[in-house]
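1. sequence? don't have it. structure:
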Ligand code: G3P
Ligand code: CA
């Protein structure tokens, strides 16, 4: 929103620390989450995977290969095996329980569910149980997924949840009235790739009173200005300190 008199904008998107402050610390470690909070992020983003013995851990990829010194599919490793790995700078892969236990109700969480390798929903009930176990107020949590089934299931488990439907590039480009009406039945917003942002898409989504949270791949310098120009409601940032500096310019 631009004030004509002052030229000052009061636009302030939610700053969502993508995998923690993952540009400056090893992603999905306590170092990355602490850095994000220190740098002023509103939410810490947490990708979930489920281990062979049913524990939810913070991990983006299906394998541990890229982000740890180990190898293999997360869903084929036990928690003990995952915990033996180095996730960077001597940090272990945190479980969701450890994260919720440590930060409690002092922070805001933006948690992503995924289907397992077989396309089954395996984490929704366990996730909600953990939120309850650690007494995390539901209004401090946004849940997101690319899986429409997961979003629908979460909504059925608790209609009060704040849910964001992540959209693949192709789905976001082809959004129509019917899709948006369907999305509104369960979702508070959509998460879309910044590369497809244009005025028409932003207008269409906002006309339906759905929030737009944008994510990017790669170098935030290429994307940040574009996301800010479109005044999206939330930005997944690998480097919240950088984003805040750009916003001050
Ligand atoms: O959750 C938003 C964004 O994180 C989606 O992409 O692959 O980084 O989880 P990805
Ligand atoms: Ca994610």
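-> On my side now, so go ahead. Source: prediction; values computed, not measured. Ligands and ions are numbered 1, 2, ... in the order given.

2. which outside residues touch stretch 33-49?
-> 14-21, 24-25, 28, 56-60, 62, 74-75, 96, 99, 103, 107-114, 123, 127, 142, 236-237, 239-241, 244 (CB atoms under 8 Å, 6 or more residues apart in numbering). Placement of C-beta: from N, CA and C, glycine included.

3. now stretch 201-208
-> So stretch 201-208 is contacted by 172-173, 175, 180-181, 183-184, 190, 192, 212, 230-232 (CB under 8 Å, 6+ apart).

4. Can you select the buried ones from those residues in ChimeraX?
-> Selecting the buried subset of those in ChimeraX, with 16 or more other CB atoms under 10 Å as the burial test, is done by:
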select :172,175,180,183,190,192,212,230,232
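
5. Quick check: the farthest pair among the contacts of stretch 201-208?
-> Of all pairs drawn from the contacts of stretch 201-208, the widest gap by CB to CB lies between 181 and 231 and measures 23.4 Å.

6. What are the boundaries of the helices in this structure?
-> Counting by DSSP state H, the chain has helices at residues 30-38, 79-83, 96-103, 124-133, 148-157, 169-173, 177-186, 199-207, 220-229, 240-248.

7. Centre of the chain to the first one, how far?
-> Right, the one you point to is helix 30-38. Relative to the centre of its chain, helix 30-38 is centred 15 Å away, using CA atoms, centre = their mean, to the nearest Å.

8. before we move on, what about the second one?
-> Chain-centre distance of helix 79-83: 23 Å, with CA atoms, centre = their mean.

9. Need the contact partners of it.
-> By CB under 8 Å, 6+ apart, the surrounding residues in contact with helix 79-83 are 51, 53, 55, 57, 59, 64, 70, 74, 92-93, 95.

10. Same check on the fourth one?
-> Contact with helix 124-133 is made by 48, 50, 54, 56, 96-97, 100, 111, 113, 138, 141, 143, 150, 153-154, 157-158, as judged by CB under 8 Å, 6+ apart.

11. Any residues of the protein in contact with ligand 2? List them.
-> The chain has residues 47, 112 near ligand 2, with proximity defined as CB under 5 Å from the ion.

12. Pick out the residue nearest the middle of the chain.
-> By CA atoms, centre = their mean, the chain has its centre lying nearest to residue 45, at 4.1 Å.

13. Let's see the pLDDT reported for that one.
-> Taken from the predicted model, the pLDDT recorded for residue 45 is 99.
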